[in-house]
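Trainee: Here's my sequence, what's the structure:
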Amino acid sequence: MASRRQFLAGAAALFAFGARAAEEDALWRQLRAGGLVILMRHASTVPGLGDPAGYKLDNCSTQRNLSPAGVEEARRVGAHLAAERVPIGRVYTSPWCRCRDTAMAAFGRAVDWEPLSSIFDFPDREIDYSERVRKRIGGYGARPPGGNVVMVTHNVNIAALTRHSVAPAEMVIVRPDGCCNLRSMERLKV
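Mentor: Below is the predicted model:
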């Protein structure tokens with residue numbers, strides 16, 4: 001027979017689970033309505049940290065790229081968002097091949113945008129790039145045009161913007177919050 005303590009612990013866990021499920025339902029409703037920005041980390045890569053010495057942005061073979069599992073991971077994200085009827089408007093990406101390949105596998109399109117470039121090797125660019133991303137997000141006002149905007153970038157960039165460290169293919173959903181600002185709403189891993 002369960003003790004009162006075990007019963008209360010179980011009830012608290014069920015309540016927390018129910019609350020979390022309600023939060024996720026609300027987030028999906030908001031994503032379906034559009035007007036949000038999805039900051040997404042590129043999908044899983046081959047092992048390593050950063051890029052090999054001497055890498056070149058115009059030559060994917062010199063960079064750390066997506067693993068086959070990462071390509072599938074990106075496809076699953078895109079398929080899941082489509083199944084949830086999340087409208088995707090513009091898709092911006094870091095010019096690094098692993099980000100572009102993630103965006104293409106998930107959404108079938110992407111536009112390179114320099115401020116989403118990795119700041120891992122260039123920490124002196126963090127303030128400038130973060131400010132430019134904040135201005136673009138804030139410039140959408142209350143609602144980005146054409147659904148939700150996706151920005152595929154690197155963990156270090158997302159952490160600089162939101163203070164969230166995210167896993168490969170994990171997303172941080174943000175709401176434009178007037179000129180030059182954003183408000184983190186929720187992390188999402190599908």
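Trainee: What helices and strands are in contact with the helix or strand hosting Val91?
Mentor: Taking DSSP states H and E as the definition, Val91 sits inside strand 88-93. The contact analysis (3 or more Cβ pairs under 8 Å, 6 or more residues apart in numbering; DSSP states H and E) places strand 88-93 against helix 97-107, strand 111-112, strand 148-153. Glycine gets a C-beta too; all of them are placed from N, C-alpha and C.
Trainee: Could you check the angle it makes with helix 97-107?
Mentor: For strand 88-93 against helix 97-107, the angle by axes from the mean of the first three to the mean of the last three Cα atoms, to 10 degrees is 160 degrees.
Trainee: what's the spacing between Ala83 and Arg76?
Mentor: Distance, Ala83 to Arg76, by Cβ to Cβ, to the nearest Å: 10 Å.
Trainee: Compare these two and say which is more crowded by neighbours.
Mentor: Counted by other Cβ atoms under 10 Å, Ala83 and Arg76 do not tie: Arg76 has more neighbours, with 15 against 9.
Trainee: how deep is the closest residue to that one other than its chain neighbours tucked in, by neighbour count?
Mentor: Among residues not flanking Arg76 along the chain, Val190 sits closest, at 6.9 Å (Cβ to Cβ, 6 or more residues apart in numbering). Using other Cβ under 10 Å, Val190 is surrounded by 14 other residues.
Trainee: do Pro68 as well
Mentor: 9.
Trainee: Could you report the pLDDT at it?
Mentor: Predicted confidence (pLDDT) at Pro68: the value is 98.
Trainee: Dihedrals phi and psi, it?
Mentor: Backbone geometry at Pro68, expressed as degrees, to the nearest 10, gives phi -60, psi -40.
Trainee: where do the helices sit along the chain?
Mentor: With helices called from DSSP state H, the chain shows them at 4-33, 68-83, 97-107, 126-139, 155-162.
Trainee: what's the closest of those to His42?
Mentor: helix 97-107 (4.4 Å; Cβ to Cβ).
Trainee: Check which helices and strands the closest one sits against.
Mentor: So helix 97-107, by 3+ Cβ pairs under 8 Å, 6+ apart, packs with helix 68-83, strand 88-93, strand 148-153.
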